[in-house]
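Peer 1: task: produce atomic coordinates for the following.
(one chain, ligands or ions: 1)
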Amino acid sequence: MVYMGAKTKIAKCIVPVIQQKIDESGARYYIEPFAGGCNVIDKVKAQYRIASDKNEYLIALFRHLQAGGELPEHITREEYNEVREAYNTKSSGFPMWYIGAVGFLTSYKGRFFEGGYSGIRKTTGGIRNYYKESRNNILRQMQQGGIFDIDFACRDYKEFTPQGCVIYCDPPYEGTKQYGNAKDFDYVEFWEVMRKWSRHNNIVLISELQAPDDFTVIWEKEADRSMKAKEHFRATEKLFMWGDKRLAE
Ligand SMILES: C[S@@+](CC[C@H](N)C(=O)[O-])C[C@H]1O[C@@H](n2cnc3c(N)ncnc32)[C@H](O)[C@@H]1O
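Peer 2: A predicted model of the protein is given here:
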């Protein structure tokens with residue numbers, strides 16, 4: 001799914017690292033508490049997979065598609081504005097999955113009602129119909145089969161009390177522009193929870209650009225993290241685990 005902060009580009013590198021941890025440990029449960037567009041979990045194999053995110057509209061959208069629900073062929077700017085208004089004023093009238101579909105698939109770059117209506121635009125590469133691209137993208141993701149048996153949950157990550165699981169966390173990155181529910185993210189608390197889960201017999205892998213000193217880099221790669229087509233800035237994507245290198249292996 002086209003999603004803000006998606007790991008689509010590096011999924012082929014990090015999924016084997018995660019998969020190795022599941023296979024070697026024999027863990028039955030794999031959890032993603034910051035599942036977003038499910039661009040990592042859809043490629044991971046485990047007996048039980050749980051995708052959770054704080055955004056209830058996102059989870060409603062995936063559940064709708066999992067149940068065989070369809071998506072609108074087209075969403076006009078007027079429909080976008082109407083649904084955004086309903087979302088901003090918390091008024092009912094639209095199903096949650098529909099608000100999710102309009103918010104994520106129609107907002108520019110998948111930035112839930114913050115990127116503006118993407119519509120159909122003339123670009124240097126030709127005319128682009130952004131909703132159609134996002135719609136095709138998520139429908140392809142569903143057809144590829146990596147989503148159908150995932151258990152979806154809508155929770156704040158702190159509500160999990162896992163034991164004996166492999167957990168991959170992809171929180172909103174510290175120091176990067178934050179959107180929606182990520183604006184007040186408490187990073188001190190986040191790393192504390194990562195330590196706690198790691199102590200409780202879980203294998204916890206974290207995507208971030210930086211981490212406190214007691215976390216070890218187990219994988220890294222330079223990647224393009226630009227949000228706009230014309231902007232290019234490169235950053236080193238990393239996977240961290242708590243403890244020293246020997247413990248993380
Ligand atoms: C960087 S995105 C995850 C992207 C995903 N890995 C992908 O490749 O599509 C971070 C996600 O964390 C979610 N989030 C932010 N704060 C959260 C919290 N306190 N608990 C759970 N999810 C949260 C956001 O809604 C967002 O979907």
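Peer 1: only C-alpha atoms from now on, for both contacts and neighbour counts.
Peer 2: Noted.
Peer 1: and the residue lying closest to residue 155 once chain neighbours are set aside, what pLDDT?
Peer 2: The shortest distance from residue 155 to any non-neighbouring residue, by CA to CA, 6 or more residues apart in numbering, is to residue 54 (5.0 Å). pLDDT, residue 54: 96.
Peer 1: any idea how far residue 184 is from residue 54?
Peer 2: According to CA to CA, to the nearest Å, residue 54 stands 13 Å off from residue 184.
Peer 1: my read: the residue nearest to residue 155 touches residue 158, true?
Peer 2: No. With contact defined as CA atoms under 8 Å, residue 54 does not reach residue 158; the gap is 10.4 Å.
Peer 1: if you count what's nearby, which of these two comes out ahead?
Peer 2: More crowded of residue 54 and residue 158, by other CA atoms under 10 Å: residue 54, with 18 against 11.
Peer 1: ranges for the strands of this protein?
Peer 2: Under the criterion DSSP state E, the chain carries strands at the ranges 29-32, 48-52, 120-123, 126-129, 151-153, 166-169, 203-208, 215-224, 234-242.
Peer 1: can you list these in JSON lines and add distance to residue 145 and mean neighbour count?
Peer 2: Listed next are the strands of the chain as JSON lines, based on distance: least, CA to CA, whole Å; neighbours: other CA atoms under 10 Å:
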{"stretch": "strand 29-32", "distance to residue 145": "17", "mean neighbour count": "23"}
{"stretch": "strand 48-52", "distance to residue 145": "13", "mean neighbour count": "21"}
{"stretch": "strand 120-123", "distance to residue 145": "29", "mean neighbour count": "10"}
{"stretch": "strand 126-129", "distance to residue 145": "25", "mean neighbour count": "12"}
{"stretch": "strand 151-153", "distance to residue 145": "14", "mean neighbour count": "17"}
{"stretch": "strand 166-169", "distance to residue 145": "20", "mean neighbour count": "24"}
{"stretch": "strand 203-208", "distance to residue 145": "24", "mean neighbour count": "23"}
{"stretch": "strand 215-224", "distance to residue 145": "27", "mean neighbour count": "16"}
{"stretch": "strand 234-242", "distance to residue 145": "26", "mean neighbour count": "20"}
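Peer 1: quick one: closest of these to residue 91.
Peer 2: Closest of the strands of the chain to residue 91 is strand 151-153, at 23.0 Å (criterion: CA to CA).
Peer 1: paired strands for that closest one, with orientation please.
Peer 2: When pairing is defined by DSSP bridges, strand 151-153 lines up against strand 48-52 (parallel).
Peer 1: ok, and what's touching the partner strand?
Peer 2: Outside strand 48-52, the residues that touch it by CA atoms under 8 Å, 6 or more residues apart in numbering are 28-35, 38, 41, 59, 149-155, 157.
Peer 1: again, but for stretch 118-127
Peer 2: 76-77, 106-109, 128-131.
Peer 1: go again with 7 Å.
Peer 2: Outside stretch 118-127, the residues that touch it by CA atoms under 7 Å, 6 or more residues apart in numbering are 106-108, 128-131.
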